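K.L.:
just a sequence and a predicted model for now, questions to come.
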Amino acid sequence: MNGFVGGALTVLGVMAAAELGGSMYLYQRTMRRQKKGSTERTIKMAGTDWEQYKPFIEKRKEVFLSQPLEDVQLVSHDGLRLHASYIPQGDEKKVAILFHGYTSEGMKDYIALSDYYIKNGFSMLLPDARAHGRSEGTYIGFGCLDRLDAAGWINWVLSRCGKDVRMLLHGTSMGGATVLMCSGLKLPGQVRGIVSDCAFTSPKYVFTHVLHSMYHLPAFPMIPIADWMNRRLAGYGMDECNAAREVKKATVPALIIHGSGDTFVPCRMCEEIYENYAGEKRKLIIPGAAHAESYYKETERYEMALDELLEMAGFISAQK
């Protein structure tokens, strides 16, 4: 009997060590600043075929890179030096702050979409999220910390452009979660609208989905262990801030976008967020669009939806 108990305890110990090791590996691969090549890994996981859009993106890239460009910085609430690229247009009284996705950086995710904002006379501020690009940081904020950084960038725009500026927050994927989580803060009146594209509700629930759908693994005990580690190392819990909860406090108009074919961040998260959004809102679901593909799959519909939001928010007239 003693031998049996000892053997069982040994097996349980090995299993526990394996679970702990797997959880630590998951944490290192997802919550810390990623090494070179991580963007390609994320794109592969997301499953979007970007090769088909390369000619379109390259054409837009020429115009995007021909714009005036400034490197700007601010210090976050917890002492990190954050970087952004600023593209001024006209009198700088309309500014779109554009937040990129996981493992990307400011100057990458809006190459094509910048055309819309340039044509509508918007200056563009493109921050590198903490632990991304040229911003400092070891631990990724997944919107939970990035929303506070977003508030810092809003204040930077106010300082740069004056109190009569009007701002639009636009985020994709992790950036979408950032702007939605930011909607729960007390935003200045100069923030007139929010655009969220393929956002998740919280890191806890998107990682749970990825574990189930891609790795066929249960969330327990990996997610609770990762949550415990993140609280100790990064200073926030993985469901401490949830976009679907934060939007219940929203007051500004929003456009909430998702692709029905998104397997990386399921479209049901969009539905939950939209249902809870307390401010004036519009929803755009692009049939068959994969993760972050909506603008490319149906550019005209996407831009028409943006027009409608800009009208609601007072940026453009209905006669545009």
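P.N.:
Okay, I see it. Just so it is clear, the structure is predicted and the values come from calculations on it, not from any experiment.
K.L.:
could you use CA atoms for every contact and neighbour count after this?
P.N.:
OK.
K.L.:
what's the burial count for residue 54?
P.N.:
Residue neighbour count, defined by other C-alpha atoms under 10 Å, stands at 11 for residue 54.
K.L.:
which strand or helix spans residue 192?
P.N.:
Per DSSP states H and E, residue 192 falls inside strand 191-197.
K.L.:
which strands or helices does that strand pack on?
P.N.:
strand 166-172, helix 174-182, strand 254-259 (3 or more C-alpha pairs under 8 Å, 6 or more residues apart in numbering; DSSP states H and E).
K.L.:
most tightly packed of those?
P.N.:
Mean neighbours per residue, mean count of other C-alpha atoms under 10 Å, is largest over those for helix 174-182, with a mean of 31.
K.L.:
report the inter-axis angle for it versus strand 166-172.
P.N.:
130 degrees (axes from the mean of the first three to the mean of the last three C-alpha atoms, to 10 degrees).
K.L.:
so how far is helix 174-182 from its chain's centroid?
P.N.:
Taking C-alpha atoms, centre = their mean, to the nearest Å, one finds helix 174-182 lying 5 Å from the centre of the chain it belongs to.
K.L.:
residue 153 belongs to a helix?
P.N.:
Yes. Residue 153: assigned to a helix according to DSSP: H, G, I helix; E, B strand; the rest coil.
K.L.:
for it, what are its contacts?
P.N.:
Neighbouring residues of residue 153 by C-alpha atoms under 8 Å, 6 or more residues apart in numbering: residue 74.
K.L.:
re earlier: nearest to residue 241, out of the helices and strands packed on strand 191-197?
P.N.:
helix 174-182 (7.1 Å; C-alpha to C-alpha).
K.L.:
output the contacting helices and strands for that closest one.
P.N.:
Using 3+ C-alpha pairs under 8 Å, 6+ apart, the elements in contact with helix 174-182 are strand 94-99, helix 146-161, strand 166-172, strand 191-197, helix 243-246.
K.L.:
now do 7 Å
P.N.:
Packing partners of helix 174-182 (3 or more C-alpha pairs under 7 Å, 6 or more residues apart in numbering; DSSP states H and E): helix 146-161, strand 166-172, strand 191-197, helix 243-246.
K.L.:
how about residues contacting the strand holding residue 192?
P.N.:
Contacts of strand 191-197 with the rest of the structure, by C-alpha atoms under 7 Å, 6 or more residues apart in numbering, involve 166-173, 176, 179-180, 252-258, 292, 313.
K.L.:
now do stretch 62-78
P.N.:
With C-alpha under 7 Å, 6+ apart as the criterion, stretch 62-78 contacts 81-88, 111, 114, 149, 152.
K.L.:
touching, residue 121 and residue 87? I think so.
P.N.:
No. Residue 121 lies out of contact with residue 87 (C-alpha atoms under 7 Å); the separation is 11.0 Å.
K.L.:
returning to that earlier point: so which of the contacts of stretch 62-78 are in strands?
P.N.:
Members of these lying in strands (criterion: DSSP state E): 81-87.
K.L.:
now the buried members of those.
P.N.:
Buried members of the ones in strands among the contacts of stretch 62-78, scored by 16 or more other C-alpha atoms under 10 Å, are 82-87.
K.L.:
tell me the mean pLDDT for stretch 211-226?
P.N.:
Mean per-residue pLDDT for stretch 211-226: 89.
K.L.:
also stretch 230-248?
P.N.:
Rounded mean pLDDT across stretch 230-248 is 96.
K.L.:
buried set for it?
P.N.:
Buried, per 16+ other C-alpha under 10 Å, within stretch 230-248: 230, 234, 236-238, 241-248.
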